[in-house]
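Novice: mind looking at a prediction? Sequence and model below.
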Amino acid sequence: MKWLRRNVWRILITAAAAVLALGYFAETHPELASILPRISPILSLLGALAARKWLGWLMLLGIPLLVLSAFKGRFFCWNLCPMGFLAETAGKLNPWGKGLVRRVPYLNKALALIIAVTAACGYPLLIWLDPLCIFNGFFAAWREPFTWAAAATGIGFVTVLVLSVAVPNVWCHRLCPLGGLQEAIWNIARRCKKTDDPQPSALTSAAATRRTVLAAVPAAVAGIVAKNALGPNGRKAIRPPGADLVRINALCARCGNCMRACPYQLIQPDFGESGIDGLFTPVVRLRSSNPEQEQYCFQDCVACTQACPTGALRPLTVEQKHATPIGIAVVDKKKCIAWEKKEYCVVCDEYCPYKAIKLEKRNGVNCPVVDESKCRGCGACESNCPADPIAITVKPLKQ
């Protein structure tokens, strides 16, 4: 009971965060789905910096936490962070492991530096280690219908809790990059306030600056190398509308927002299709990869683009979506009823919302041909093709 009274405020905050993450308001207000992760400046401000785009006013939600850190240090961590509260609570299950955390080096500030420097380089590595993103990803997985594939976004949450039980306080005290960022800001603010002995203060600041610069150089090199070596992997799969195809594997926070926001359950986590760096990033699964999928990317739906907190999916209007392809439909003539069997069938033309199917007369039968200039890869043709196996499928955009 003493623990409960002491932590009632944190329990209420964690419950409120879970409600947001579960997306009860996402259907009517998809932008609300991104509020929780955007409280973290790692996702909101550094995400926008990496994406080189204005991501809407909600991205400014990260600023109050930066200001709070300058005056109160890690006040957010110890009083407001839902992931931190759950990790701390999990650690209490192992009272025999209290001293183990002393054997673990402080990595939190180094991780924060890597994320910040690589974000400035346009390819933010490890952005998915943000605690609010990890918390959000777990609850975003609980949607109807529940699938084990969607549950992959909760792996980070489970991992943090398991680590916290094995080594109490290891996440909050040693690993969390958001905590490391707050510590760094607090240390800078403290040095700026010191006026009683300016010479030692100046020497300390100079030494700290040198260490930071030296540590930033390899981080910058890593970001540049990763951007050029891994960036093109984003094109190996069909991505949701508005995806940054070159940098999506780095920009994506794996928060699960876009997957939960999709009303047709088309968006699923990638399990290696786009490379190891693309694990759990969003890909679109149409009928050819999911036989039970009978829906397609509806032409007037932009919910997933409004829910992304980092710019991995840029916010789109309906008009912009109409001009943005996510893939290209391809006709397999050997499977097509019209081309191969010379029987009447124009189902793909009837269902295409973009009028991207042209009909060519062959042996007295109208046969479908895809007009790539009009095709947006929505999958309406694929989801309704009567051929078995399917004769028209959507492929990823060309390199």
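Specialist: Right, received. Where do you want to start?
Novice: I'd like the next helix or strand past the lowest-mean-pLDDT helix or strand in the chain.
Specialist: Lowest by mean pLDDT, DSSP states H and E among the helices and strands of the chain is helix 198-230, with a mean of 65. Next along the chain after helix 198-230, taking DSSP states H and E as the criterion, comes helix 248-251.
Novice: the nearest residue to Gly47 once chain neighbours are set aside: how many residues sit nearby?
Specialist: In this structure, Gly47 finds its nearest non-sequential neighbour in Thr310, 3.3 Å apart by CB to CB, 6 or more residues apart in numbering. Heads up, the C-betas are built off the backbone N, CA and C, glycines and all. Thr310: 32 surrounding residues under other CB atoms under 10 Å.
Novice: contacting residues around Thr310?
Specialist: Counting by CB atoms under 8 Å, 6 or more residues apart in numbering, Thr310 touches 37, 43-44, 47-48, 50-51, 55, 127, 251-253.
Novice: please repeat the previous calculation with a cut-off of 7 Å.
Specialist: By CB atoms under 7 Å, 6 or more residues apart in numbering, the contact set of Thr310 is 43, 47, 51, 127, 251-253.
Novice: save the residues you listed as TSV, and put in neighbour count, distance to Ser383 and pLDDT too.
Specialist: Shown next, in TSV, are these (neighbours: other CB atoms under 10 Å; distance: CB to CB, whole Å; pLDDT from 0 to 100):
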residue	neighbour count	distance to Ser383	pLDDT
Leu43	31	33	92
Gly47	31	32	90
Ala51	22	31	86
Ile127	28	33	92
Leu251	26	28	90
Cys252	31	25	92
Ala253	29	29	91
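Novice: inside helices: which ones of those residues?
Specialist: With DSSP state H as the criterion, helices contain 47, 51, 251 from among the contacts of Thr310.
Novice: pretty sure Val283 sits in a strand.
Specialist: Yes - the assignment for Val283 by DSSP: H, G, I helix; E, B strand; the rest coil puts it in a strand.
Novice: what about Arg102, neighbour count?
Specialist: Arg102 has 10 neighbouring residues, counting by other CB under 10 Å.
Novice: contacts made by the helix or strand harbouring Phe139 with the rest, please.
Specialist: In this assignment (DSSP H and E), Phe139 forms part of helix 131-140. The contact list for helix 131-140, computed with CB under 7 Å, 6+ apart, reads 17-18, 21-23, 36-37, 39-40, 43, 81-84, 153-154, 156-157, 160, 176, 178, 253-257, 259-260.
Novice: could you list the low-pLDDT ranges of the stretch 1-150 of the chain?
Specialist: The stretch 1-150 of the chain contains residues with pLDDT under 70 at 1-2, 25-31, 144-145.
Novice: all helices for it, in order.
Specialist: According to DSSP state H, counting those that start in this stretch, the stretch 1-150 of the chain carries its helices in the segments 2-22, 35-38, 45-51, 63-72, 75-79, 82-91, 108-120, 131-140.
Novice: next structured bit after the last one?
Specialist: Yep, that's helix 131-140 we're talking about. helix 155-166.
Novice: tell me what angle that following helix forms with helix 131-140.
Specialist: 110 degrees (axes from the mean of the first three to the mean of the last three CA atoms, to 10 degrees).
Novice: which SSE is immediately downstream of helix 155-166?
Specialist: Criterion used, DSSP H and E; the element after helix 155-166 is helix 170.
Novice: what about the helix or strand following that following helix, average pLDDT?
Specialist: Next in sequence after helix 170, counting helices and strands by DSSP H and E, comes helix 177-193. For helix 177-193, mean pLDDT is 88.
Novice: can you give me the buried ones in helix 177-193?
Specialist: Buried residues in helix 177-193, counted by 16 or more other CB atoms under 10 Å: 177-188.
Novice: now stretch 139-152
Specialist: Neighbour-count burial for stretch 139-152 [16+ other CB under 10 Å]: 139-143, 149-152.
Novice: Asn257 is in contact with Ala33, correct?
Specialist: Yes - applying CB atoms under 7 Å as the test, Ala33 and Asn257 come out as touching, 4.8 Å apart.
Novice: shared neighbours of these two, anything?
Specialist: Looking at what touches both Ala33 and Asn257 (by CB under 7 Å, 6+ apart), the common residues are Ala307.
Novice: show me the contacts for the closest residue to Lys72 other than its chain neighbours.
Specialist: Nearest non-adjacent residue to Lys72, counting by CB to CB, 6+ apart: Trp186, 7.9 Å away. By CB under 7 Å, 6+ apart, Trp186 lies in contact with 69-70, 73.
Novice: out of the residues you listed, which comes closest to Lys321?
Specialist: Checking the contacts of Trp186 against Lys321 by CB to CB gives Ser69 as the nearest, at 37.5 Å.
Novice: tell me if I'm right that the closest one and Ala184 touch.
Specialist: No - under the criterion of CB under 7 Å, Ser69 makes no contact with Ala184, lying 8.4 Å away.
Novice: for Val67, see how far away Ala189 is.
Specialist: 10 Å (CB to CB, to the nearest Å).
Novice: residues in contact with Lys92?
Specialist: With CB under 7 Å, 6+ apart, Lys92 has no contacts at all.
Novice: that one and Ala166, how far apart?
Specialist: Lys92 is 13 Å from Ala166, where distance means CB to CB.
Novice: go on, Leu46?
Specialist: With CB to CB as the criterion, Leu46 and Ala166 are 29 Å apart.
Novice: the two: which has the busier surroundings?
Specialist: A count of neighbours by other CB under 10 Å puts Leu46 above the other of Leu46 and Ala166, at 24 against 13.
Novice: find the nearest non-adjacent residue to the more buried one, please.
Specialist: Nearest non-adjacent residue to Leu46, counting by CB to CB, 6+ apart: Ala119, 4.1 Å away.
Novice: thinking that neighbour is in contact with Leu45, fair?
Specialist: No - counting by CB under 7 Å, Ala119 sits too far from Leu45 to count as a contact (8.7 Å).
Novice: which one is Glu350 nearest to, not counting chain neighbours?
Specialist: Per CB to CB, 6+ apart, closest to Glu350 is Asn384, 7.9 Å.
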